[in-house]
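In: Build me a model from this:
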Amino acid sequence: MEEGDQIGEYFNKVLTVTNQMKGCGETIIDMMIVEKIMRSLPRKFDYIVVAIEESHDLAIMKVEELQSSLEAHEIRLVNRSPIKKVDQALKVHHLRVMKRNNKRNGENNKPMEIGNLTEVIMIEERVIQQKERGE
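Out: Next up is the predicted model:
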């Protein structure tokens, strides 16, 4: 398991491979899967792995039990983390607006790329002021 993986995703990968192996005739028991998963977890799960080994009999533990324990622990880790990951703080839109040309020179309106919303607001304010002055 890699650092960025979530428990649910990792279990899906492991169980997919396990089912493929079973389809090829391999005999795999839950204890083998549980031990393999516990060995391959990142360091941040070390103390929960030790707690599970001490409190459960791995010979009779089901894969689903291990998954639910690890997912509950993962949720606690995420909730206690002081740094919350934010996918997107601000989104900047690049807008295409029509450049308003002076009516006196007879040019047509031409499209113009505007880099950010502040520029669009400034242009709109100028247009409003020109309309108020009667230009």
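In: all strands in the protein, in order from the N-terminus.
Out: In the chain, the strands defined using DSSP state E lie at 95-99, 110-114.
In: could you give the mean pLDDT of stretch 66-74?
Out: On average, the pLDDT along stretch 66-74 is 91.
In: Show me which residues of that stretch are buried.
Out: Using 16 or more other CB atoms under 10 Å as the test for burial, stretch 66-74 gives Leu66, Gln67, Ser69, Leu70, His73, Glu74. For the C-beta atoms, the positions are set from N, CA and C on the backbone; glycine is no exception.
In: which of the residues you listed lies closest to Asn19?
Out: Checking those against Asn19 by CB to CB gives Gln67 as the nearest, at 15.1 Å.
In: Contact partners for that closest one?
Out: Ile7, Gly8, Phe11 (CB atoms under 8 Å, 6 or more residues apart in numbering).
In: Just put the residues you listed in a markdown table and tack on distance to Glu54, neighbour count and pLDDT.
Out: Listed next are these as a markdown table, based on distance: CB to CB, whole Å; neighbours: other CB atoms under 10 Å; pLDDT from 0 to 100:
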| residue | distance to Glu54 | neighbour count | pLDDT |
| --- | --- | --- | --- |
| Ile7 | 20 | 21 | 89 |
| Gly8 | 24 | 11 | 89 |
| Phe11 | 22 | 20 | 91 |
